[in-house]
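S.K.: got a sequence here, can you build the structure:
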Amino acid sequence: MAGITMEEVGKIYPDGTRAVQGVNIDIADGEFLVLVGPSGCGKSTLLRMVAGLEEISEGKVSIGDRVVNDVPPKDRDIAMVFQTYALYPHMTVFDNMAFGLKLRNMPKDEINARVEDAARSLEITDYLHRKPKALSGGQRQRVAMGRAIVREPAAFLMDEPLSNLDAKLRVQMRTELSLLHKRLGTTTIYVTHDQVEAMTLGDRVAVIRKGTVQQIDTPFALFQYPDNMFVAGFIGSPAMNFVYTHLESDGAGGLTASLAGETLRLPPELLTNSPK
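M.R.: Predicted structure coming up:
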């Protein structure tokens, strides 16, 4: 396992479009970090740069003590889980999970042990000899996760792995994924646009907007103490309402706000309650 560090990371495409800019994130060894934001905000691009699937235009990415900007994806010691299951339809569940290990010429006994251990933890042992077409969506996603787990990588990178599942199954898989992380303790970066998913899964959550990090904090701190209006409006369900008003000092350290002909007093303790 290893921590992941991003320092001033940016992505500029040939046409000049800047998808990611100035991202600084330090992910501790064993931490579960969620990247959340609206569609097109750059969160998946950032994940792909960590994976080596996108070239890094600016800054550097380190996995453990090694800068990996120029390291091929296969040598970064990471495992990815995608939104689509990406399973080989002609292979059994066992063969899908073992495929990467066989390519590495791992001993057969070691392959069997890893696949069986992962299948047991994901509760798919009974399906090892079935093919993907005989599995439900949730079972296929477990197989995709199992294929990543058997690699025993330094980090997991997950790009919206639950978004193809129905609402009930998504809640179930969310719980299973959280328990799995606690059991394995592997550093994980998880991308989602679902803020409920982000708040329930992450040790910390990074809110992304237009390629920049708006705030990184624990789910509780994001909800209670947002750094700006975007974070305040994006985190929480239903969304926060904003009312524009005029604030004046009340002469006692607090403020007064005029709303619909009424005056609302904001006492000093309310204004200074944030730990920031």
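S.K.: where do the strands sit along the chain?
M.R.: Using DSSP state E, the strands of the chain run over residues 4-12, 18-27, 32-36, 58-63, 66-67, 78-81, 155-159, 187-192, 204-209, 212-217, 247-249, 255-259, 262-266.
S.K.: so which of those gets nearest R142?
M.R.: Closest approach to R142 among the strands of the chain (C-beta to C-beta): strand 78-81, 10.3 Å. (Each C-beta comes from the backbone N, C-alpha and C, glycine too.)
S.K.: who does that closest one touch, helix- and strand-wise?
M.R.: helix 43-51, helix 137-149, strand 155-159 (3 or more C-beta pairs under 8 Å, 6 or more residues apart in numbering; DSSP states H and E).
S.K.: can you flag the weakest of the ones you listed by average pLDDT?
M.R.: Ranked on mean pLDDT, the bottom entry among those is helix 137-149, at a mean of 90.
S.K.: which other residues reach that helix?
M.R.: Residues outside helix 137-149 that contact it (C-beta atoms under 8 Å, 6 or more residues apart in numbering): 79-82, 85-87, 93, 96-97, 99-100, 115, 118-119, 121-124, 127, 132, 135, 156, 161-162, 164-166, 169, 172-173, 176-177, 180, 184.
S.K.: buried stuff in that helix?
M.R.: By neighbour count with 16 or more other C-beta atoms under 10 Å, helix 137-149 contains the buried residues G138, Q139, R140, Q141, R142, V143, A144, M145, G146, R147, A148, I149.
S.K.: stretch 115-129 now?
M.R.: Of the residues in stretch 115-129, those with enough neighbours to count as buried (16+ other C-beta under 10 Å) are V115, A118, A119, S121, L122, I124, Y127, L128.
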